[in-house]
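Participant: how would this look folded up:
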Amino acid sequence: MSKDLVLLIARILLSIMFLSAGVFKFVDPSGTVGMLTQSGFPAPTILNYLAGIFELLAGIAILIGFQTRLAANALAAFCVFTALVFHSGSINIPDFPDGANQLLSLFNFLILQKNLAVAGGFLALAISGPGAWSVEGRGNS
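Facilitator: Sure, this is the predicted structure:
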């Protein structure tokens, strides 16, 4: 498999998560707004929509290979930030059974690990660039 094909597949796979998350923040903002509220962030509804816009624009940039290094670095930072701020602790919902809270805490830890791994993928993409099959690479193949 050629390097350019692998980079295209990587860009598609990395962008899917952010495109869908960005759309979801507009379709049903309640989950993100609730998480932002619970974490003590000011103006959670506005932050939800700003995050949605960021995820959509950066996700599109990664998908088409435009300003790839900038978008990949920004998304790597976003992944690390969200991992540490929203997914680094245990879950303890009052009146939930201990087993349920333990399972939610495990899921939260897995999301933390996933976010850090995705950040690594974006850093690799930032170093390698988007490849020839991209807006930046057109005419360079």
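
Participant: who's in contact with residue 21?
Facilitator: With contacts taken as CB atoms under 8 Å, 6 or more residues apart in numbering, residue 21 has the following neighbours: 52, 55. Quick note: C-beta positions are derived from backbone N, CA and C, even for glycine.

Participant: try 7 Å
Facilitator: Contact criterion CB atoms under 7 Å, 6 or more residues apart in numbering gives residue 55 as the residues in contact with residue 21.

Participant: elements contacting the longest helix anywhere in the chain?
Facilitator: Longest helix in the chain, counting residues (DSSP state H): helix 98-128. Counting contacts by 3 or more CB pairs under 7 Å, 6 or more residues apart in numbering; DSSP states H and E, the secondary-structure elements packed against helix 98-128 are helix 3-27, helix 68-86.

Participant: show me where pLDDT drops low in this structure?
Facilitator: When residues are selected by pLDDT under 70, those of the chain lie in 139-141.

Participant: so the residue of the chain most remote from its centre, which of the three states?
Facilitator: In the chain, the residue that sits farthest from the middle, by CA atoms, centre = their mean, is residue 95; the gap is 31.0 Å. Of the three states, residue 95 takes coil under DSSP: H, G, I helix; E, B strand; the rest coil.

Participant: Now distance to residue 127 too, for the helices and strands packed on helix 98-128, in TSV please.
Facilitator: Written out in TSV, the entries for those read as follows (distance: least, CB to CB, whole Å):
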stretch	distance to residue 127
helix 3-27	11
helix 68-86	8
